[in-house]
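Chemist: no sequence for this one, just the structure:
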Ligand code: ADP
Ligand code: MG
C-alpha cells in the first residue's frame with residue numbers, strides 16, 4: 001500500500017545540508033504492525049513525518065496505492081493526510097483547552113462529517129478507549145496515559161488505513177505504556193500501524209515486522225509474523241469542515257481562553273476607536289470646510305437658513321406664515337429677511353457689540369447675566385463668552401446704546417437701547433452676537449433699513465433735490481399729518497424765498513416698491529426756532545427735513561416680500577425645500593449659493609490629509625498586527641495541530657478570519673453601546689458627544705466595512721505567517 005523507493009530527506013540549515021535519512025526502500029501493507037527502532041538521531045521521526053505527508057522529501061519516490069507522490073503540491077498532501085494518515089505523537093498533540101469529547105468532535109468537524117449520530121459514535125469510541133467517564137473533562141486535567149488514549153480515540157475517529165505513532169509511550173510509565181500498545185494493537189487489525197519506539201520489549205508481542213535504523217539508513221528489516229494478505233480496507237474520501245462548524249469553532253475559540261479573549265478585545269477596541277475618531281474628525285473638518293463659502297448678498301449663511309419668496313410675488317400674510325410654520329422641519333421664521341442680511345453694532349462709543357438683530361418674541365431661553373427685557377427699549381444679547389465685550393457681563397448692562405447698521409457707513413437706526421441681559425453660548429464659528437429687540441424697535445429698524453436701501457428724491461416746485469445733496473427726511477411727533485418743515489437753506493427753491501404752502505413731493509424707490517407723498521410746507525426752521533417747532537435739539541437737526549411720523553412710516557413700512565425659514569434638521573433640508581415649493585414659494589437654500597474661493601487650496605490640503613490618514617491607518621495596522629501576533633502566539637500550536645489532523649490551510653485561514661471578526665463585532669457593539677450611553681448623557685463627555693453627532697447610519701456601515709478589512713488583513717497576514725513553513729516544521733517550532 002505504501003512504498004518508498006530510494007527516498008532521501010535533507011535538511012537545509014543556514015547553508016549547511018544535513019541528512020534526515022537517505023535512500024530508504026520500504027514496502028508497507030495493510031495488516032502490518034511495523035515497529036521502527038534505532039538510537040536517537042537515526043532518522044526515525046524524519047521517516048515518519050515524510051510517510052505522514054507532514055514533511056517533504058527531496059529524492060526518490062513514495063507511492064501510495066501505486067500512485068507517485070513526488071509531484072504532490074501542498075493541497076495534494078492535505079488530501080493525502082486526510083485520507084490515509086492518523087498521527088499519534090509522544091507529546092499527544094491535543095487541544096488542552098478542549099474537553100475529551102470536544103477533541104474528538106473536532107476530528108469529525110474537520111472531516112466535514114455532520115451526521116447527527118456523531119454523539120453516539122464518539123461515545124462508542126470513548127468506551128473503546130476506556131475514557132467514557134472523562135468525556136467532559138478538560139484534556140489538561142488528564143494523566144499522560146489518559147491523554148494518549150484521547151489521541152488514539154481521535155485517530156479512531158479519523159478512521160484512516162494508516163496509523164503513524166512516533167514514540168507514543170515515550171512520556172508514559174510502563175503500565176500505561178503497555179495498555180496503550182495493546183489498545184493500538186486492538187484497534188488496528190485492519191490497518192497499517194507504523195510505530196517508533198526505543199523499547200522493543202514493549203511491543204514485541206504485537207509486532208509483525210521490525211525495522212532498525214542507524215544513521216539515516218535501514219540496517220535491519222525483518223518480518224516477525226506473516227500477515228493475512230487478503231485484508232482490505234474501505235477506501236473513504238472525507239470532506240472538509242463545513243461553514244456551520246467553522247462558525248461554531250470560531251466562537252468556541254473566541255471565548256475559550258479568557259485572558260487571550262480580553263487582550264484581543266482590548267486591542268480591537270483600540271483599533272475601532274482610533275478608526276472611528278480619525279473618520280469622525282475628518283467628517284467634522286469637512287463639515288466646517290463648507291462654511292468657508294462666501295456670499296456677498298446674504299449676511300447670515302447658516303446651513304439652517306432657507307430664503308423664501310411667494311411665487312405670485314405678493315407679500316406674506318400671517319396666514320402664509322401659519323402655513324409655513326406647520327411644516328415639521330421649520331424651526332422659526334424671520335419675517336423681515338432684510339434684518340439677517342445686515343450686520344449691526346450696538347455701541348456707546350466705548351463698547352462695540354457686533355452681530356445680528358432678532359425678534360425677542362422668538363426667544364425662549366433665559367439669561368445668564370441680568371434679566372429678560374420688560375420694556376420696548378430693553379434688549380438682551382446672546383453670544384460667545386470668549387467675545388471680549390460680552391465677557392464683561394454686568395459691566396455692559398443698563399447703559400444707553402445706539403444701534404448702527406454696519407453696511408451703510410454707520411447709520412444710526414435706533415437710539416437709547418438698554419442691554420438688560422446676556423445669554424452665553426459656545427460657538428464653533430464666530431458669527432457675532434444675537435441682539436434680541438422688541439417688536440417696535442424691530443419695525444423701526446426695518447424702516448431704517450428700507451430707507452437706507454431706497455433712493456429718495458425731493459421735488460420742490462421745479463427743483464429736484466436728491467439724497468446726495470445731504471438732505472434727509474426725519475419723523476417728528478409734533479408735525480401735523482400732511483405737513484413738512486424745511487431748513488431755511490432750502491427756501492432758495494421757493495418763490496420769493498417764501499416756502500409756506502408750497503408743495504414738497506417726496507419720491508421713494510427701492511428694489512421692492514416705489515412710492516411718493518405730497519406734503520404742504522408749513523414753515524422753515526433755523527437754529528433759533530427749531531426747538532420751538534420740533535422735539536429735536538438744535539445740534540441734532542443739520543440738513544434734516546421733518547415730516548409727520550405716520551407719513552414717514554407710510555413711506556418705509558412695507559409688508560415683507562422676502563422671509564427666511566430656519567430649519568431644525570439640516571439633514572432633511574431637501575424635503576423641506578420641496579414642501580415649501582409645494583406651498584407656492586420660491587425657496588433658496590443659502591448654503592447652495594456660497595462661493596468657496598479656497599476650494600482649490602483645499603484640494604491640496606485634502607490630498608495631504610488623505611496621505612496622513614493612509615499612513616495613520618498603516619501604522620495602526622502594523623502596531624495592532626504586531627500585538628495581535630504576540631497574543632495569538634499561544635494559539636499557533638492549536639492551528640498547526642489542526643493542520644496535522646488534516647485541515648486545509650484555507651479552512652484554518654477562515655477559522656482565524658472568523659475568530660478575529662467575532663472579536664471585532666463584539667468590540668464594535670460595545671463601542672456603539674458606549675456611544676449610546678454618551679448620547680443619552682448616562683456617561684457625560686461633551687467632546688465625544690459632539691463628535692458622534694456627525695455620524696449618520698451610513699457612516700456606521702462604512703466604518704464597519706473599514707474595520708472589517710483591517711481585521712481581514714490582520715487575519716490573512718497572521719495565517720500566512722504561521723503557515724509559511726510545512727505543517728510539521730510549523731508545529732515543531734512552536735513546541
Ligand atoms: P530520531 O527520531 O531517530 O531521533 P530524527 O529523525 O529526529 O531522529 O533526526 C534525524 C536526523 O535529522 C538527525 O541528525 C537530526 O539532527 C536531523 N534533523 C531532524 N530534524 C531536523 C531539522 N528540523 N533541521 C535539521 N536537521 C534535523
Ligand atoms: Mg524522534
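Modeler: Okay, I see it. What you see is a predicted model, and the numbers here were worked out from it, not measured in a lab. Ligands and ions are numbered 1, 2, ... in the order given.

Chemist: Return the residues in contact with residue 148.
Modeler: Neighbouring residues of residue 148 by Cβ atoms under 8 Å, 6 or more residues apart in numbering: 88, 92, 168-169, 171-172, 176, 180. No exception for glycine: its C-beta is placed from N, CA and C like everyone else's.

Chemist: Farthest-apart pair in those, please.
Modeler: 88 and 176 (13.8 Å; Cβ to Cβ).

Chemist: So for those two, which residue has more residues nearby?
Modeler: Applying other Cβ atoms under 10 Å to residue 88 and residue 176 shows that residue 88 carries more neighbours, namely 22 against 18.

Chemist: pLDDT below threshold where in the stretch 201-350 of the chain?
Modeler: Counting by pLDDT under 70, the stretch 201-350 of the chain contains low-confidence ranges at 289-299.

Chemist: All the helices of it, in order from the start?
Modeler: Secondary structure of the stretch 201-350 of the chain, counting by DSSP state H, counting those that start in this stretch: helices at 243-256, 258-289, 318-325.

Chemist: Export these to a markdown table and append columns for distance to ligand 1 and mean neighbour count.
Modeler: Formatted as a markdown table, the helices of the stretch 201-350 of the chain follow (distance: least, Cβ to the nearest ligand atom, whole Å; neighbours: other Cβ atoms under 10 Å):
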| stretch | distance to ligand 1 | mean neighbour count |
| --- | --- | --- |
| helix 243-256 | 28 | 16 |
| helix 258-289 | 28 | 16 |
| helix 318-325 | 83 | 13 |
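
Chemist: can you list those in a markdown table and add distance to residue 593?
Modeler: What follows is those, written out as a markdown table (distance: least, Cβ to Cβ, whole Å):
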| stretch | distance to residue 593 |
| --- | --- |
| helix 243-256 | 54 |
| helix 258-289 | 16 |
| helix 318-325 | 20 |
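
Chemist: wait, which of those is closest to residue 638?
Modeler: helix 243-256 (7.5 Å).

Chemist: Counting by contacts, list what that closest one packs against.
Modeler: helix 100-110, helix 649-679 (3 or more Cβ pairs under 8 Å, 6 or more residues apart in numbering; DSSP states H and E).

Chemist: winner for burial among these?
Modeler: Per residue and on average, the most neighbours among the helices and strands packed on helix 243-256 fall to helix 100-110, with a mean of 24 (mean count of other Cβ atoms under 10 Å).

Chemist: buried ones in the helix or strand just after it?
Modeler: For helix 100-110, the following helix or strand on the C-terminal side (DSSP states H and E) is helix 118-128. Buried positions in helix 118-128, judged by neighbour count with 16 or more other Cβ atoms under 10 Å: 118, 121-122, 125-126, 128.

Chemist: Point out the residues in the protein that sit beside ligand 1.
Modeler: 11, 13, 18, 20, 38, 40-46 (Cβ under 6 Å from any ligand atom).

Chemist: Quick one, which of those residues has the minimum pLDDT?
Modeler: Of all those, residue 13 carries the smallest pLDDT score, 79.

Chemist: Name whatever forms a beta bridge with that residue.
Modeler: residue 16 (DSSP bridges).

Chemist: quick one: residue 54 and residue 646 touch, right?
Modeler: No: Residue 54 lies out of contact with residue 646 (Cβ atoms under 8 Å); the separation is 10.5 Å.

Chemist: For the residue lying closest to residue 559 once chain neighbours are set aside, give me the backbone phi and psi.
Modeler: Among residues not flanking residue 559 along the chain, residue 315 sits closest, at 3.8 Å (Cβ to Cβ, 6 or more residues apart in numbering). Dihedral angles of residue 315 (phi, psi; degrees, to the nearest 10) stand at phi -80, psi 160.

Chemist: Now do the same contact list for residue 315.
Modeler: Contacts of residue 315 (Cβ under 8 Å, 6+ apart): 558-561.

Chemist: switch to 7 Å and redo it
Modeler: Listed by Cβ atoms under 7 Å, 6 or more residues apart in numbering, the contact set of residue 315 reads 559-561.

Chemist: higher neighbour count, residue 54 and residue 646?
Modeler: Shown here are residue 54 and residue 646; by other Cβ under 10 Å, residue 646 has more neighbours (27 against 23).

Chemist: wait, doesn't that one sit right on residue 79?
Modeler: No: between residue 646 and residue 79 there is no contact under Cβ atoms under 7 Å: 8.6 Å.

Chemist: and residue 483, how many residues sit next to it?
Modeler: Residue 483 has 17 nearby residues by other Cβ under 10 Å.

Chemist: neighbours around the residue lying closest to it once chain neighbours are set aside, how many?
Modeler: Spatial nearest neighbour of residue 483, excluding adjacent residues (Cβ to Cβ, 6+ apart): residue 522 at 4.5 Å. Residue 522 is flanked by 17 other residues according to other Cβ under 10 Å.

Chemist: per the record, what domains does the chain have?
Modeler: According to automatic domain parsing, the chain comprises the domains 2-239, 245-287+600-732, 294-335+560-595, 337-450, 454-556.

Chemist: show me the contacts for residue 253.
Modeler: residue 659.

Chemist: residues of the one helix or strand residue 576 maps to that come out buried?
Modeler: According to DSSP H and E, residue 576 maps onto helix 573-582. Residues of helix 573-582 classed as buried: 573, 576-577, 579-580 (neighbour count, 16+ other Cβ under 10 Å).

Chemist: Mind listing the strands the next helix or strand after it pairs with, and their directions?
Modeler: The element immediately downstream of helix 573-582 (helix or strand, assigned by DSSP H and E) is strand 585-589. With DSSP bridges as the test, strand 585-589 is paired with strand 305-310 (antiparallel).

Chemist: who does the longest helix seen in the chain touch, helix- and strand-wise?
Modeler: For the chain, the helix with the greatest residue count under DSSP state H is helix 599-632. When contacts are defined as 3 or more Cβ pairs under 7 Å, 6 or more residues apart in numbering; DSSP states H and E, helix 599-632 packs onto helix 258-289, helix 697-722.

Chemist: And the strands in the stretch 301-450 of the chain, which stretches?
Modeler: Under the criterion DSSP state E, counting those that start in this stretch, the stretch 301-450 of the chain contains strands at 305-310, 330-334, 344-347, 352-359, 369-370, 378-383, 400-405, 411-424, 433-437.

Chemist: Could you list the paired strands of the longest one along with their orientation?
Modeler: For strand 411-424, the paired strands and their directions (DSSP bridges) are strand 369-370 (antiparallel), strand 378-383 (parallel), strand 400-405 (antiparallel).

Chemist: Pipe the contacts of residue 315 into TSV and attach neighbour count, distance to residue 660 and secondary structure per row.
Modeler: Shown next, in TSV, are the contacts of residue 315 (neighbours: other Cβ atoms under 10 Å; distance: Cβ to Cβ, whole Å; DSSP: H, G, I helix; E, B strand; the rest coil):
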residue	neighbour count	distance to residue 660	secondary structure
559	12	67	coil
560	20	62	coil
561	16	63	coil
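
Chemist: per-residue confidence for residue 550?
Modeler: 89.

Chemist: what about the spatially closest residue to it that is not a sequence neighbour, which SS state?
Modeler: Spatial nearest neighbour of residue 550, chain neighbours left out: residue 481 (6.0 Å); criterion: Cβ to Cβ, 6+ apart. Following DSSP: H, G, I helix; E, B strand; the rest coil, residue 481 is assigned to coil.

Chemist: neighbours around the residue nearest to residue 576 when sequence neighbours are not counted, how many?
Modeler: Leaving aside its chain neighbours, residue 576 sits nearest to residue 329 (4.4 Å; criterion: Cβ to Cβ, 6+ apart). Residues contacting residue 329 under the criterion other Cβ under 10 Å number 20.

Chemist: Repeat that for residue 446.
Modeler: Residue 446, neighbours per other Cβ under 10 Å, totals 21.

Chemist: which residue packs closest to it, ignoring adjacent ones?
Modeler: Closest to residue 446 by Cβ to Cβ, 6+ apart is residue 336, at 4.8 Å.
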